[in-house]
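Novice: after the sequence you'll find the predicted model.
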Amino acid sequence: MEKSVLVRTGVFLLAVAVLLQGCNKDNDQELRDKVMRQLQQYIEDNNITQEPTASGLYYILITEGTGTRPENNFYVDIDFTRELIDGTVLLTSHEDVARDNGLYDGSVIYGPIRLQAGNTGVPGMDEGLMYMKEGGKAQMIMPSSINGFSSTYSTHIYTVDLVVTFDDPKQFQTDQIINYLDEHEIGSDSVFITESGLHYIEKLPGEGELIKDGDIVEIWYTGTYLDGRVFDTNVGEQVMSVPMPAEAPTYIEAWDEALKLMREKGEAKIIVPYELAYGEYGQNKIPPYMTLVFDLEIEKVLTGK
């Protein structure tokens, strides 16, 4: 008797599951159809004559650009805004757009973001970037099947500025450092380049002996990208105590080398190649292959034995 009841119950539950699965498929299809109708209406309302690509991407060129066209595995720095077809902004790299749309987050570093073409996580973006040139701007209209959010059944519209693209990180870094020194009028005679590639620019010599292992260094610092965006600082907050040697995993390789070139009350700017910082993968707020700049000020040195 009990076994029969269980069998009948199991069959019933299976039937319900099959029925619900069929209903879900119907609902999913209805949502997909609705989104496609909305997309077609948007295309008509905005007089878009561009035909979609085989994937469904509408690529609309705004500015041609004159630089390199990225290929798969190239790195690109882009500015972008992602929105729905009703104009709702979902995400942006522009601080003013974020503020205007109630999306501003003080922990975000606004400005160009670095991605690897072909591996952005958004199929429509990977395709669209292949059509762009450095310095160009385009709109990419992506149905849910290629916008990386297929489960939401929504069309996303990206407006993308391709700021820069490169495939040789070392050469790109060399060019960027040269440009930085030129823009800041830092002459070559003011730069000490260590064997590791660290660029050390003394601002104040300080006093006393050079910092050495065993010392504890009280330091103020500000870390920026080469374009001046601040990613970390303790200025205006609390002085940081650094026990020497300043080694990984707490500190990047460049810090130990730079601090040992400094004295108490000294100030310096260091340009840190990505090899001495966060390398080819980056970390947290640091993108891959990112050259960093630190302004360092030694408040006090507690001399060790």
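Specialist: On my side now, so go ahead.
Novice: which residue is the nearest non-sequential neighbour of Met142?
Specialist: Gly124 (3.5 Å; CB to CB, 6 or more residues apart in numbering). (Glycine included, C-beta is placed from N, CA and C.)
Novice: roughly how far is the helix or strand that neighbour falls within from the heart of the chain?
Specialist: Counting by DSSP states H and E, the element that carries Gly124 is helix 123-129. How far helix 123-129 lies from its chain's middle: 17 Å, per CA atoms, centre = their mean, to the nearest Å.
Novice: what's it packed up against?
Specialist: Here helix 123-129 touches strand 137-142, strand 156-166, going by 3 or more CB pairs under 8 Å, 6 or more residues apart in numbering; DSSP states H and E.
Novice: picking that back up, give the contact list for the residue nearest to Met142.
Specialist: Neighbouring residues of Gly124 by CB atoms under 8 Å, 6 or more residues apart in numbering: 55-57, 140, 142, 146-148, 156, 158.
Novice: hmm, 7 Å instead?
Specialist: By CB atoms under 7 Å, 6 or more residues apart in numbering, the residues touching Gly124 are 57, 140, 142, 146-147.
Novice: can you tell me which of those residues has the most neighbours?
Specialist: Highest neighbour count within those, by other CB atoms under 10 Å: Met142, with 28 neighbours.
Novice: give me the beta-bridge partners of that one?
Specialist: His156 (DSSP bridges).
Novice: how much space between it and Val160?
Specialist: 11 Å (CB to CB, to the nearest Å).
Novice: how close does the closest residue to Glu264 other than its chain neighbours get to Asn234?
Specialist: Nearest residue to Glu264 in three dimensions, chain neighbours excluded: Val301, at 4.3 Å (CB to CB, 6+ apart). To Asn234, Val301 is 17 Å away according to CB to CB.
Novice: between the two, which is the more surrounded one?
Specialist: Just comparing Val301 and Asn234: by other CB under 10 Å the higher neighbour count belongs to Val301, 25 against 13.
Novice: make sure the more buried one is actually in contact with Asp215.
Specialist: Yes - between Val301 and Asp215 a contact is recorded at 5.4 Å, counting by CB atoms under 7 Å.
Novice: which parts of the stretch 151-300 of the chain are strands?
Specialist: Using DSSP state E, counting those that start in this stretch, the strands of the stretch 151-300 of the chain run over 156-166, 192-193, 199-204, 216-225, 230-233, 240-243, 267-272, 292-302.
Novice: can you lay out the ones you listed as a markdown table showing mean pLDDT and distance to Phe172?
Specialist: Converted to a markdown table, the strands of the stretch 151-300 of the chain look like this (pLDDT from 0 to 100; distance: least, CB to CB, whole Å):
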| stretch | mean pLDDT | distance to Phe172 |
| --- | --- | --- |
| strand 156-166 | 98 | 4 |
| strand 192-193 | 97 | 18 |
| strand 199-204 | 98 | 16 |
| strand 216-225 | 98 | 13 |
| strand 230-233 | 96 | 19 |
| strand 240-243 | 96 | 30 |
| strand 267-272 | 98 | 14 |
| strand 292-302 | 97 | 15 |
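Novice: now distance to Ser107 too, for the ones you listed, in a markdown table please.
Specialist: What follows is these, written out as a markdown table (distance: least, CB to CB, whole Å):
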| stretch | distance to Ser107 |
| --- | --- |
| strand 156-166 | 22 |
| strand 192-193 | 34 |
| strand 199-204 | 29 |
| strand 216-225 | 15 |
| strand 230-233 | 11 |
| strand 240-243 | 19 |
| strand 267-272 | 22 |
| strand 292-302 | 18 |
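Novice: Glu185 is nearest to which of the ones you listed?
Specialist: Among the strands of the stretch 151-300 of the chain, the nearest to Glu185 by CB to CB is strand 199-204 (11.7 Å).
Novice: report the strands that pair with that closest one, each with its relative direction.
Specialist: strand 192-193 (antiparallel), strand 267-272 (antiparallel).
Novice: residues touching Thr92, list them.
Specialist: Neighbours of Thr92 in contact, by CB under 7 Å, 6+ apart: 80-81, 98, 103.
Novice: what's the closest non-adjacent residue to the residue most central in space within the chain?
Specialist: Nearest residue to the geometric centre of the chain (CA atoms, centre = their mean): Ile113, 3.8 Å. In this structure, Ile113 finds its nearest non-sequential neighbour in Ser93, 5.5 Å apart by CB to CB, 6+ apart.
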